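In: Just a sequence and a predicted model for now, questions to come.
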Amino acid sequence: MTYFEIGVFHPRSSDNIGTLWRTAYQLGAAGIFTIGRAYRQQASDTQHAVYEIPLRTYSTLEDFLANRPNGAQLIGVEMGGQPLAGFDHPERAVYLLGSEAMGLPEHVLQQCQAVIGLESIRYPSYNLAVAGSIVLYHRVFIAGKS
């Protein structure tokens, strides 16, 4: 059985978390999480994702790693990673995006079983919520791992 969720390491914007939460719900994720910063709920959630899938908050990377779902591979999403188009998503995956300004630091990337990046026509830098949405969409509809 497949399992996936998505999270953000030290997010700066609550708006991006809200957008990512809604997308995660729409695409069948088991939940979302933040590491290093709590989320402030947004009033604009018309799908009420906050009542449908959980949000977990971890204070540190170590706390997250100690509580990661069993058997789920940690997949970093970072510029310069393996191109998403050719990525074979694992059956059980936890996707981790970096903060909007800094990305994923090296000590976090070292904990990942794989690191994927999003191709682009121009500069490969996407809004955090957009990047996460593309990864989840690719998993569910392109790679067929729902």
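Out: On my side now, so go ahead. Values in this document were obtained by computation on a predicted structure and should not be read as measured data. Numbers count the residues shown, from 1 in each chain.
In: for this structure, what's the longest strand?
Out: Across the chain, the strand with the greatest residue count (assigned by DSSP state E) is strand 73-83.
In: Buried ones in the helix or strand of the chain with the lowest mean pLDDT, by neighbour count?
Out: Here the helix or strand of the chain ranked lowest by mean pLDDT, DSSP states H and E is helix 14-26, holding a mean of 91. Within helix 14-26, the residues that count as buried by 16 or more other C-beta atoms under 10 Å are N16, I17, G18, T19, L20, W21, R22, T23, A24, Y25. (Each C-beta comes from the backbone N, C-alpha and C, glycine too.)
In: What of stretch 139-146?
Out: Buried, per 16+ other C-beta under 10 Å, within stretch 139-146: R139, V140, K145.
In: repeat for stretch 68-75
Out: Across stretch 68-75, burial judged by 16+ other C-beta under 10 Å covers A72, Q73, L74, I75.
In: pLDDT below threshold where in the chain?
Out: The model of the chain has pLDDT under 70 over residues 38-51.
In: quick one: the helices in it?
Out: Counting by DSSP state H, one finds helices in the chain at the ranges 14-26, 61-66, 106-109, 128-137.
In: I35 is nearest to which of those helices?
Out: helix 61-66 (5.0 Å; C-beta to C-beta).
In: hey, C-alpha coordinates of that closest one in PDB?
Out: This file holds the C-alpha atoms of helix 61-66, laid out as PDB (Å, rounded to 0.1, in the frame of the first residue of the first chain):
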ATOM      1  CA  LEU A  61      15.100  17.600  12.500                       C
ATOM      2  CA  GLU A  62      16.000  15.000  15.100                       C
ATOM      3  CA  ASP A  63      12.500  15.100  16.500                       C
ATOM      4  CA  PHE A  64      11.100  14.500  13.000                       C
ATOM      5  CA  LEU A  65      13.500  11.700  12.200                       C
ATOM      6  CA  ALA A  66      12.600   9.900  15.500                       C
END
